[in-house]
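Asks: only the shape, not the letters, is given here:
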């Protein structure tokens, strides 16, 4: 990930790592600490994992929006230069 402001890179990377950790922790939590048979343990683990993956998806979407914003700023700058000439 390479966004121009470095602090945004750092924040997004930390949040993305936390989201993946939440997904994996939720999977293992649902698998190990659910008091039921193996079918319900697997279903619980997958539900917890999907919630974590949703967080990963949201953070990736935010990252894409930042990239699109930077690209549009660059395109606007280039169009203004062409308009001047």
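Replies: It's in. Everything quoted here is computed from the prediction, not taken from an experiment.
Asks: shaky segments in this structure?
Replies: The model of the chain has pLDDT under 70 over residues 1.
Asks: just checking, what packs against the longest helix anywhere in it?
Replies: Ranked by number of residues, the top helix in the chain under DSSP state H is helix 38-84. If you count contacts as 3 or more C-beta pairs under 8 Å, 6 or more residues apart in numbering; DSSP states H and E, helix 38-84 packs onto helix 6-32. Backbone N, C-alpha and C define where each C-beta goes, glycine included.
Asks: and the helix it packs on with helix 38-84, angle?
Replies: 160 degrees (axes from the mean of the first three to the mean of the last three C-alpha atoms, to 10 degrees).
Asks: give me the number of residues near residue 78?
Replies: Here the count is done by other C-beta atoms under 10 Å, and residue 78 has 10 residues near it.
Asks: what sits against it?
Replies: Not one residue lies near residue 78 by C-beta atoms under 8 Å, 6 or more residues apart in numbering.
Asks: again, but for residue 53
Replies: For residue 53, the contact set (C-beta under 8 Å, 6+ apart) comprises residue 23.
Asks: centroid-nearest residue for this structure?
Replies: residue 59 (2.7 Å; C-alpha atoms, centre = their mean).
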